[in-house]
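J.: fold the stuff below for me.
(chains A and B)
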2 protein chains.
Amino acid sequence: MAPARTIAEQLAAKQREISVAEFFERNRQILGFDNPQRALLTTVKEAVDNSLDAAEEAGILPEIDVEIAKDADSTDRLRVAVTDNGPGILRREVPNVFARLLYGSRFHSNRQARGQQGIGISAAVLYAALTTARPARITTKVAEEDAAHVLELLIDTQKNAPRVTHEDVRLWDRSHGTRIELVLKAKYIRGRQSPLEYLRGTAIVNPHARIVLVEPDGTRVTFERAANEVPPVPKETLPHPYGLELGELGYFLKISKRSTALDVLTRDFQGVSARAARDVLARAGLSPGAAPESIQGPRQEALLQALHAVPLVAPSSECLSPIGPMLIKRGLRNVLGEVRPEFFAPPVSRAPRVRGGFPFLVEVGLVYGGGLPADQPMQLLRFANRVPLLFQQGACAITTAVSNLDWRRYGLEQKGGSGLPVGPVLVLVHVASTKIPFTSEAKEALAEDPDLDKELTLALQAAARHLKVHISRRSRRAFAQEKFEIIQKILPRLAEKTSHLVDKPVPDLTPVITRIMDVVNFDLQWTSEEGPRCATLEVTNYTSRPRTLEVFLEAPTEVLGAAALEPAAMGTDAGLGRAWWTLPKLGPNERARIVLAFPKGTDVDASDLDWYVAGVDEAHLLGADPLPGDWDVRLPRALIEAAEAAVPAEPDSGDGEVDYDAAESEARIGDDDG
Amino acid sequence: MAPARTIAEQLAAKQREISVAEFFERNRQILGFDNPQRALLTTVKEAVDNSLDAAEEAGILPEIDVEIAKDADSTDRLRVAVTDNGPGILRREVPNVFARLLYGSRFHSNRQARGQQGIGISAAVLYAALTTARPARITTKVAEEDAAHVLELLIDTQKNAPRVTHEDVRLWDRSHGTRIELVLKAKYIRGRQSPLEYLRGTAIVNPHARIVLVEPDGTRVTFERAANEVPPVPKETLPHPYGLELGELGYFLKISKRSTALDVLTRDFQGVSARAARDVLARAGLSPGAAPESIQGPRQEALLQALHAVPLVAPSSECLSPIGPMLIKRGLRNVLGEVRPEFFAPPVSRAPRVRGGFPFLVEVGLVYGGGLPADQPMQLLRFANRVPLLFQQGACAITTAVSNLDWRRYGLEQKGGSGLPVGPVLVLVHVASTKIPFTSEAKEALAEDPDLDKELTLALQAAARHLKVHISRRSRRAFAQEKFEIIQKILPRLAEKTSHLVDKPVPDLTPVITRIMDVVNFDLQWTSEEGPRCATLEVTNYTSRPRTLEVFLEAPTEVLGAAALEPAAMGTDAGLGRAWWTLPKLGPNERARIVLAFPKGTDVDASDLDWYVAGVDEAHLLGADPLPGDWDVRLPRALIEAAEAAVPAEPDSGDGEVDYDAAESEARIGDDDG
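T.: The predicted structure is shown next:
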């Protein structure tokens, strides 16, 4: 054994400080620069995320050009240029923004943004210099200046400080914006985990952005804008006491400019009313007038415990920018164009919660059937603050929540009740927060957290319940359809042959058919997309007794507002998106129709229309649900009674308002004996 | 739209620098402090890893005590104390080592160590202060000082600088060592991802360490030392040019103290001989005498290209500290005590390779059968630089390599040929490197990398091939066993009954039996572990003609050296771990035995003994392999010929050297008619 003293001194002599730039240069895989392929994606991602943040903060509809080109000098290098129409960056900030790690405007803010770490784009500049020794070239122009500033930048890694290698001023044919150009060791691919996949994902959750990609071979891919409004800029908010740690409370008390504990609680935090603050202070044994700096040690601990024990107002959602159910659906429909899923579950957008002092919320979209592959695991699209997450799916809390749900209970196949289920299903999950708990600076996976997991699970369950209803309706309908076909084809032919043999007239089969079917069937059909698009609800009474049915429709207000109804509804409630009809009494085997005509281009499909029925119990209902208890039915009920008094009971006296034709129904049943 | 100028100025006003301590305080999940349970594990891990590194560097056999106790003040807090017998730390280094992020001795070094980032233990101090506002208490003593220094430390997060809150000197009942005590928000669990699992894993791959854990309820768990030698301290080495990036080459040229390009290449790098250096410089169009500072821009690029094109000496493995096949096996056997696996594949320890300029190597251990669960996915134990990796299995390059291997080809069940296979199998993978490419500062998963993936795959394939041979032998043997039993039970009774019926003598069944079996069978049996342990190889000639067989044994030299051989071998090669015998000619249905007796406690099992045979072709061989071509058989062959001349051919003249008893064999076959 060597003398210990010598060893201790030897070890001491080797101790030194590590610059953060050196650290990340040596550990570039942590930032997402593992290899040339991923380095390219990360570079594009950091630049585009910055451009989107900047444009949105300035209230500008983003226009972003991403050009990836071959480098003349070397086959393993690419030139990347990202240009935006954002507000531009002041000259004096350019070096630090692009060539200094841990420098930024959003780290200390308490609202949702894509960039939060102050690392991303400087890391791309660092990687480019490391692999090609070329500086980054920044061109930026703010609206009030006539010319653009052009700077070439490197990072001094020992100091983590920018170095300007060249500077210029030039005219630029845009009023404001920023362009970054980099030459880096990189490899262009399409498909999984590619810039194209990232930009497509970005387009799904940022339908207000227009993004153009020029690939190295010159191919131009354009993601057109699908919405023309900039999402509201999330508001800067105060911290919320839920999930606050002791050290953080101490910090806030220390930097506070208030003179009393009451003022600190009510004015430096959100969610604490004056009453709640008094309650908190009383519990902690502190007087409302106590000086903040006097609250130390055990008193600080008591204050924190009281803050976590007293009920506070939930966090404001103004600091968050959810995508919203309508745009989730529109985004999914855009990207799934040719797949034509048969079912879009109503997207789920949960209320905000707090995790470690930071508000967050979860949104889920779910799509089923159509051209989605039935024998593959679920496709999972993960997003955080409107940014697609393409790597480390296996290490992400979103994946864990999806995998831990027992999807067998919702009609999907799943080995052992955990893991990704198998089936024609795609799930989009978006987590929005003022601070996303990424597992690393590469920002590709969310860390496990009980609060986050709970919200993810609740949101997924809500979407999965819609899926379950759909799958069970579909299978009930398929079963009934089969029954139909057998009855409609076989019974009449059997009857005819038998009658012929025994030389007697063919009997009326209606009572038999209705006895076998014994349901009221609701069938929604969509007609061609030329001209107005029509949804036709056909209601057939396959029971053995006459029925007076009330039909209720619930739909998004903008969908219901756009529809022409035929027959006209007995009543509507535009605010709630509801309409209702009373059908004339339907005898066995008789049918009626309700037609909804939408102007061309209306964003609507079957999953927007929820049909409810009164007048028949659930056991005899197919394709619609019994009216749920939470409908306020008093109003329609009154109208229904008035309507019932007015409408004659005889089927053949039905007028144009209700398409009811018993003769046609009977003709159709039984004439199919080809 | 707000005026863009204003926006640009507003954004600029918000820009600021972020302290690295603030960054990690806010993103503590990146460092492994997601929640109280994981925070405890990470704290224990960082402290123990530091203790192991320090003791090993000082050539001390590590003794580490980990005490986890309840805190008197609060139910959600624990006190953690880790004490080691390392060399101690000089007083002046204590504040920076424990309370400053990005400060350390191993970041700039080029050899294998557990700690490489200069973050870990300071992060634990940061987390403790954040959650309980308590300082860390460090006690440390170096051998030549009489007393220990005691310091209480906090981190000033805005400055990332240590703050000493209390200091003292006291007597300590050990000559040297370090103790860290922390109070933190934490939760103690056993089972998966617990301190206990981490320490058990640590014991597997660090059999030279003695580790004691005291749990909060007072339970004491001791991992005794299983090896008494400190692994050789990995040597500091020069960087190797393979995988070097342009920026790094530029840095080395800049800081070099050499005066010529030739000197830089041969003396600042490893693996570059003078001849290779001249070759490289000629290719790059540079003169050997060129001044390092003159090599800029395109000349630098040309030099890098030449360095990657010219073959260089492989990197030295002196900077690495592999576990080695023997200790991998011993470690696995220790931890799998009660499981008693039926098969330990010979551990694989690959030669070092270079990835991005950093040497690395891969080791794999594989265990099969016994008490391992047959219906569960493979158990995967991941290690990096002798540290167990417990989190983020799904995001780790090791898991990817295991999942991408088609284990069906090696006899395991695996759905679709990817993912973790199902079966009674446990795989240990160790990656050792001067720089482990962790995906985050929490050091729980390795980033994907083609070079790493290739080595992982080759090592896994090598282990899997042994598994395949084992499984196929096992099933062949089981099949033969079944055949045996049928033949031995049914045939004699059939013959007896038939003979009885036709009133004729029972015929000799030997020719029939040998014709049906038609193999030479090698069967290894182990006898009781009281006294010396014996392995008995029984060789039976179930073919229809006499055979003269040569039997060869290959075993680890220490295993062969410990064995008493009965009969004595015809020859041995102690250096290669080989021994060989010639068996006397065996007639049909005759057998011979070779017995190996080991002293009690010898570390040996069936997988240590490889048996080879000459004198019968592979198709007629069961339980042993034909002699491979790479055996140098000239020596034994000569001896065999001498032996053949000396040994009589008649079976019954066999002496004590070879246990050969045809009478007994014949008696046994056929007497089982109960």
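
J.: can you give me the helices for the stretch 501-650 of chain A?
T.: In the stretch 501-650 of chain A, the segments counted as helices under DSSP state H, counting those that start in this stretch are A:510-517, A:557-562, A:634-646.

J.: got the CA coordinates for the second one in PDB?
T.: The C-alpha atoms that make up helix A:557-562 are tabulated as PDB, following Å, rounded to 0.1, in the frame of the first residue of the first chain:
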ATOM      1  CA  THR A 557     -71.400  23.800 -31.100                       C
ATOM      2  CA  GLU A 558     -69.600  24.800 -34.300                       C
ATOM      3  CA  VAL A 559     -70.600  21.400 -35.900                       C
ATOM      4  CA  LEU A 560     -74.200  21.700 -34.900                       C
ATOM      5  CA  GLY A 561     -74.200  25.400 -36.000                       C
ATOM      6  CA  ALA A 562     -73.000  24.500 -39.500                       C
END
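
J.: mind listing what's buried in stretch A:389-407?
T.: A:389-403, A:405, A:407 (16 or more other C-beta atoms under 10 Å in any protein chain shown). (Glycine included, C-beta is placed from N, CA and C.)

J.: for the nearest residue to residue A:361 once chain neighbours are set aside, what are its contacts?
T.: Excluding its sequence neighbours, the residue lying closest to residue A:361 (C-beta to C-beta, 6 or more residues apart in numbering or on different chains) is residue A:352, at 4.5 Å. By C-beta atoms under 8 Å, 6 or more residues apart in numbering or on different chains, the residues touching residue A:352 are A:314, A:315, A:316, A:317, A:320, A:359, A:360, A:361.

J.: assign the residue of chain A found nearest chain B to helix, strand or coil.
T.: The minimum distance from chain A to chain B, using C-beta to the nearest C-beta, falls at residue A:394 (2.5 Å). Here residue A:394 is recorded as helix under DSSP: H, G, I helix; E, B strand; the rest coil.

J.: distance of the residue nearest to residue A:361 relative to residue A:238?
T.: 14 Å (C-beta to C-beta, to the nearest Å).

J.: what residues does the stretch 251-400 of chain A have near chain B?
T.: For the stretch 251-400 of chain A, the residues in contact with chain B (C-beta under 8 Å from any C-beta of the partner chain) are A:297, A:300, A:301, A:392, A:393, A:394, A:395, A:399.

J.: one more pass at 6 Å, please.
T.: For the stretch 251-400 of chain A, the contact set with chain B under C-beta under 6 Å from any C-beta of the partner chain comprises A:392, A:394, A:395.

J.: list the contacts for the closest residue to the last one other than its chain neighbours?
T.: Counting by C-beta to C-beta, 6+ apart, the nearest residue to residue A:395 once its immediate chain neighbours are dropped is residue B:395, at 3.2 Å. By C-beta atoms under 6 Å, 6 or more residues apart in numbering or on different chains, residue B:395 lies in contact with A:392, A:394, A:395, B:439, B:445.

J.: rerun at 8 Å
T.: Neighbours of residue B:395 in contact, by C-beta under 8 Å, 6+ apart: A:392, A:394, A:395, A:439, A:445, B:439, B:445.

J.: for beta bridges, what are the partners of residue A:525?
T.: For residue A:525, the beta-bridge assignment (DSSP bridges) gives partners residue A:536.

J.: I'd say it and residue A:594 touch.
T.: No: at 11.5 Å, residue A:525 does not count as touching residue A:594 under the criterion of C-beta atoms under 8 Å.

J.: give me the more crowded residue out of these two.
T.: residue A:594 (24 against 12; other C-beta atoms under 10 Å in any protein chain shown).

J.: what's the burial count for the closest residue to the more buried one other than its chain neighbours?
T.: In space, and not counting its chain neighbours, residue A:594 is closest to residue A:537: 4.6 Å by C-beta to C-beta, 6+ apart. Other residues near residue A:537 come to 20 when the count uses other C-beta under 10 Å.

J.: residue A:205 contacts residue A:321, doesn't it?
T.: No: using C-beta under 8 Å, residue A:205 makes no contact with residue A:321, being 10.4 Å away.

J.: who has more neighbours, the two?
T.: residue A:205 (25 against 20).

J.: so what pLDDT did the more buried one get?
T.: Looking at residue A:205, its pLDDT is 91.

J.: what sits against it?
T.: A:323, A:327, A:328, A:331, A:383, A:386, A:387, A:388, A:430.

J.: which outside residues touch whatever helix or strand the third one lives in?
T.: By that I understand residue A:328. Using DSSP states H and E, the element containing residue A:328 is helix A:325-335. Residues outside helix A:325-335 that contact it (C-beta under 8 Å, 6+ apart): A:200, A:203-205, A:207, A:226-227, A:323, A:344, A:346-349, A:363, A:365, A:367, A:426, A:428, A:430, A:556, A:603.

J.: the helix or strand following it: how far from the chain's middle?
T.: Moving toward the C-terminus from helix A:325-335, the first helix or strand encountered (DSSP H and E) is strand A:343-344. Distance of strand A:343-344 from its chain centroid, counting by C-alpha atoms, centre = their mean, to the nearest Å, is 14 Å.

J.: what does stretch A:108-118 give?
T.: Worked out by C-alpha atoms, centre = their mean, stretch A:108-118 lies 20 Å from the chain centre.

J.: pLDDT on it, on average?
T.: 79.

J.: how about it: buried residues?
T.: Applying 16+ other C-beta under 10 Å to stretch A:108-118 flags A:109, A:110, A:111, A:112, A:113, A:114, A:115, A:116, A:117, A:118 as buried.

J.: wait, the fourth one sits on residue A:433?
T.: Same thing as residue A:112. Yes: the criterion here is C-beta under 8 Å, and residue A:112 meets it with residue A:433 at 6.5 Å.

J.: name the residues contacting each of the two.
T.: Common neighbours of residue A:112 and residue A:433 (C-beta under 8 Å, 6+ apart) are A:320, A:385.

J.: give me phi/psi at the residue of chain A positioned farthest from its centre?
T.: Distance from the C-alpha centroid of chain A, by C-alpha atoms, centre = their mean, peaks at residue A:503 (66.5 Å). Taking degrees, to the nearest 10, you get phi 60, psi 50 for the backbone angles of residue A:503.

J.: and the one 5 residues further on, by the same measure?
T.: In this entry, residue A:508 is assigned phi and psi values of phi -70, psi 120 (degrees, to the nearest 10).

J.: same thing with residue A:75?
T.: Torsion angles at residue A:75 (phi, psi; degrees, to the nearest 10) stand at phi -80, psi -20.

J.: count the neighbours of it for me.
T.: Using other C-beta under 10 Å, residue A:75 has 8 other residues around it.

J.: could you report the separation of it from residue A:130?
T.: Per C-beta to C-beta, residue A:75 is found 18 Å from residue A:130.

J.: next one: residue A:16
T.: From residue A:16 to residue A:130 the distance is 21 Å (C-beta to C-beta).

J.: which of those two has more residues huddled nearby?
T.: For the pair residue A:16 and residue A:130, the greater number of neighbours falls to residue A:130 (23 against 13), based on other C-beta under 10 Å.

J.: element containing that one, please.
T.: Using DSSP H and E, residue A:130 falls within helix A:120-132.

J.: for that helix, name the packing helices and strands.
T.: Here helix A:120-132 touches helix A:20-26, helix A:36-57, helix A:94-99, strand A:136-141, strand A:148-156, strand A:177-185, helix B:246-255, going by 3 or more C-beta pairs under 8 Å, 6 or more residues apart in numbering or on different chains; DSSP states H and E.

J.: lowest-confidence stretch among those?
T.: Minimum mean pLDDT among the helices and strands packed on helix A:120-132: helix A:20-26, a mean of 86.

J.: apart from its neighbours in sequence, what residue is nearest the residue of chain A closest to chain B?
T.: Residue A:394 sits nearest to residue B:394 (C-beta to C-beta, 6+ apart), 2.5 Å away.

J.: got the contact list for the one you found?
T.: Residue B:394 touches A:393, A:394, A:395, A:399, counting by C-beta under 8 Å, 6+ apart.

J.: and it, what pLDDT?
T.: At residue B:394, the model reports a pLDDT of 86.

J.: then residue A:670?
T.: For residue A:670, pLDDT reads 35.
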